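Asks: need a structure here:
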Amino acid sequence: MRTSRIAVSAAVLGALALPLVSIPTASAATPVSSCSAKPLPYKVHAKAVTIRSKASSKSTALGVLYRSHKFTVHKSSGNWRYITDKTTGVKGWVSGTYVYRDTAMCLD
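Replies: Coordinates of the predicted model:
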């Protein structure tokens with residue numbers, strides 16, 4: 001009786017292991033991901049942001065950057081971004097709390 005249980009157990013385990021042995025392995029030459037996510041442009045995530053002369057909320061206001069305006073970020077200092085508002089031509093600092101890049105994800 002015990003011998004037949006061992007034989008049946010061995011047959012079942014063998015049947016379960018067979019599919020694992022026959023699975024093809026991945027080749028090292030296969031690319032892992034074809035995702036080439038590019039950095040997204042900066043956007044204003046508020047109705048409007050004040051453009052300032054220095055990277056400080058107490059500095060002189062030079063203009064207003066609205067959500068619909070196009071702008072370029074030149075450099076960063078802490079949580080501040082030095083920008084050029086392409087709509088009005090004003091250059092100055094805006095808070096990074098309201099101006100930041102969106103993120104992209106690749107789901108391959």
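Asks: not counting its neighbours along the chain, what's nearest residue 81?
Replies: Nearest non-adjacent residue to residue 81, counting by Cβ to Cβ, 6 or more residues apart in numbering: residue 73, 4.9 Å away. To be clear about C-beta, it is placed using only N, CA and C from the backbone, and glycine gets the same treatment.
Asks: with adjacent residues omitted, what lies nearest to residue 76?
Replies: Nearest-residue entry for residue 76: residue 96, 7.0 Å, with adjacent residues in sequence omitted and distances by Cβ to Cβ, 6+ apart.
Asks: list the contacts of that neighbour.
Replies: 76, 78, 79, 80, 81 (Cβ atoms under 8 Å, 6 or more residues apart in numbering).
Asks: distance of it from residue 45?
Replies: Applying Cβ to Cβ, to the nearest Å, the value for residue 96 to residue 45 is 10 Å.
Asks: residue boundaries of the helices in this protein?
Replies: 2-21 (DSSP state H).
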